[in-house]
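> Sequence and predicted structure below; questions after.
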Amino acid sequence: MGLHRWLPRRLFWACFAFSVGLGPVSAQELGSPRAGHDFAMAICAECHWVSDEQFLIPDSDAPTFFDVADDPAVTATALRVFFGTSHQKMPNIMLSDDERDNVIAYILSLRKLQ
């Protein structure tokens, strides 16, 4: 096999490994759960139940962050995809990469220990 055929395949797998990561990402490795909590309280709490510290009752149609965290299908990757797409019932809030990672870290930190 010539170099011209071998290199693209190797480059693909190197990029794939880099983009996916070499193992599972914990909430702590992803971002700051505390910063995610603060952002969620300031922005997301208008519609979502994001913390036991909330005083106002949010929209009952919006899922709570606790329910999202406890869904076994929810992963850091699934949340990245979710935050990267628009949704009819949600405002189009543009998050920076750090804000997104912090909110994801916070949501995953709410997951009950199994």
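Now that the structure is in, tell me what you want to look at. Bear in mind the structure is a predicted one, so any value in this text is a computation, not a measurement.

> Can you list the low-confidence ranges for this protein?
In the predicted model, the chain carries pLDDT under 70 at residues 1-29, 113-114.

> in it, which spans are helices?
3-20, 27-30, 33-42, 65-70, 76-83, 97-109 (DSSP state H).

> Which residues are in contact with the spatially closest residue to residue 46 that is not a sequence neighbour?
In space, and not counting its chain neighbours, residue 46 is closest to residue 58: 6.7 Å by C-beta to C-beta, 6 or more residues apart in numbering. C-beta coordinates here come from the backbone N, C-alpha and C atoms, glycine included. By C-beta atoms under 8 Å, 6 or more residues apart in numbering, the residues touching residue 58 are 45-50.

> Of these, which is the most crowded?
residue 50 (27 neighbours; other C-beta atoms under 10 Å).

> neighbours around the residue lying closest to residue 53 once chain neighbours are set aside, how many?
Nearest residue to residue 53, sequence neighbours excluded (C-beta to C-beta, 6+ apart): residue 41, at 7.0 Å. Neighbour count for residue 41, taken as other C-beta under 10 Å: 15.
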